[in-house]
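Peer 1: Pasting the sequence and the predicted coordinates here, then a few questions.
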Amino acid sequence: MSLNWREIDLVLSELDLVGAQIQKIVQPSYDTLVLSCYKPGAAIELLFCVAHGACRLHATRMPVPKAEKPQRFMELLRSQVRGARIESIEQIGTERIVRMRIGRDDGERLLYARLWSGAANLLLCTPDGKILDALARKPSKGELSGGRYAPEAGAAPSREFVVRELPGDGTFNERIDSFYAEHGSELSRAALLERARKYFSQRRAQLDARADALTKAAADYAEADRYRELGDILMANQAVQPTGATVAADDFYQGGEAEIRVDPGKSILDNARAYYEKSKKARSGAVETAAELEELRKAVESLESERERMEATENPYAIRAYLAKHRSAPSQAPKRFPGLSLERNGWQILIGRSAAENDALLRRHVRGNDLWFHARDYSGSYVFVKSRPGKSVPLEILLDAGSLALYYSKGRSAGAGDLYYTHAKYLRRAKDGPRGLVLPTQEKNLRVKLEDARMRDLRRLIGKDDD
């Protein structure tokens, strides 16, 4: 429900805005703007909304949260009219266009609010009609910086409009504020709360699915001790000839006879080494899985706490701000690694941006054959390339990892520099040194130059298009 012209007139007649100073400007979302106006004896939070089906202006008592990122039109108004005084505010005829004249030492500004459902807009103009900027830039209508906008009163509407009866007590402004907050439109508390419940349901289902997968993986990793035992049994029976793909031998750990699966193309010794390697990977995987399960448990607790908080929130603007902040969260998987990570042509690259993240990666997420990169002569990130069985790291991935190590270091401004890299198994922790500090051996040198195209691609894969 958008306000009709008679309702807009009634709203304006109840507000004592002439002479009020605009002290603060908040734009909690793209289609909503609030001016905090003050004059001795009166403080008014004037809300403009240009959302489809909910176009209106009125005073609000609801606390309006700030947007996560500063909005363009809000920043323009702050530079142009904050601290200025309202000289007049009126509706142009029956057009549902409100014109606010705002005085400035260097000339007044006109703020137009066109409250047409489906074609609403806010425009800031100079007195001669030149548009400084618009909330919604519409080039086809000339509604953009440098365009012209100077509406005039038109003919009277063909149908009669009346002020609708709204529930509740108080002034018409107060009843509008309550009505829109609870029942007014898709921006009402009820509609927003339903969207929030859907988000929480989707997010919880995603976390539960990931927890189920990790629980199954943890069960597989529980065989680490048995893999080591099978390796020991094979080492003790190197003279035994395999029968097909199995070897039968005395099980001196669990008793009886063990049927051990082997690769007939390999020697008993190599098969034993393969079991030892499986045991090592299972142990490492168990630690990593346990850590991720703990992170998931905390994520579920946090999600439930947020859900309860939103259910108890009466302010629809706060619910809407929360949804705007988390609008992409349902499609995001739980964070698996500390710091930043990306995948490039099948290769996983991990980036620690602080001593804590570097240390966490070293302790829980890196194995011996993973490659470690660090800028030479500069403090900065540890970058790791996860190894792949039977694969050598290609040159392009080496350059990607080296570029990231230089980019996230104190040497970024140089544009080029030397890196050293080695396998993680050749890193030794510095005794009594700061957290995350390592001493590398068998390192190799890599010279990289930061290339704009490469860094754009890498930052896009990380999910950071800006800097």
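Peer 2: Thanks, I have it.

Peer 1: Now do the SS call for the closest residue in space to residue 71 that isn't next to it in sequence.
Peer 2: Nearest residue to residue 71 in three dimensions, chain neighbours excluded: residue 27, at 4.1 Å (Cβ to Cβ, 6 or more residues apart in numbering). C-beta coordinates here come from the backbone N, C-alpha and C atoms, glycine included. Judged by DSSP: H, G, I helix; E, B strand; the rest coil, the three-state class of residue 27 is strand.

Peer 1: Distance check, residue 27 against residue 50.
Peer 2: According to Cβ to Cβ, to the nearest Å, residue 27 stands 11 Å off from residue 50.

Peer 1: cool, residue 176 as well?
Peer 2: In terms of Cβ to Cβ, residue 176 sits 15 Å off from residue 50.

Peer 1: Same check on residue 269?
Peer 2: Counting by Cβ to Cβ, the gap from residue 269 to residue 50 is 76 Å.

Peer 1: quick one, which of these two is more surrounded?
Peer 2: residue 50 (24 against 11; other Cβ atoms under 10 Å).

Peer 1: residue contacts, the more buried one?
Peer 2: Applying Cβ atoms under 8 Å, 6 or more residues apart in numbering to residue 50 gives the contacts 31, 32, 113, 114, 115, 120, 121, 122, 135, 136.

Peer 1: At which residues are the strands of the stretch 351-467 of the chain located?
Peer 2: All strands of the stretch 351-467 of the chain, identified by DSSP state E, counting those that start in this stretch, fall at 371-375, 382-385, 416-423, 427-429, 438-440, 444-449.

Peer 1: Out of those strands, flag the one nearest residue 291.
Peer 2: The closest approach between residue 291 and any of these, judged by Cβ to Cβ, belongs to strand 382-385 at 16.2 Å.

Peer 1: Can you name the residues in contact with that closest one?
Peer 2: By Cβ under 8 Å, 6+ apart, strand 382-385 touches 347-352, 358, 361-362, 365-366, 370-374, 393, 397-398, 401-402, 404-405, 408, 424, 436.

Peer 1: Kindly report the same for stretch 272-286.
Peer 2: 217-218, 220-225, 227-228, 230-232, 234-235, 238, 263, 266, 367.

Peer 1: check contacts around the residue lying closest to residue 250 once chain neighbours are set aside.
Peer 2: Take residue 250 and drop its neighbours on the chain: the residue closest to it by Cβ to Cβ, 6+ apart is residue 257, 6.3 Å away. Contacts for residue 257 (Cβ under 8 Å, 6+ apart) come out as 248, 249, 250, 251.

Peer 1: Among the contacts of stretch 272-286, which lie within helices?
Peer 2: 217-218, 220-221, 224-225, 227-228, 230-232, 234-235 (DSSP state H).

Peer 1: so which one among those residues has the lowest pLDDT?
Peer 2: On pLDDT alone, residue 220 ranks lowest of those, at 75.
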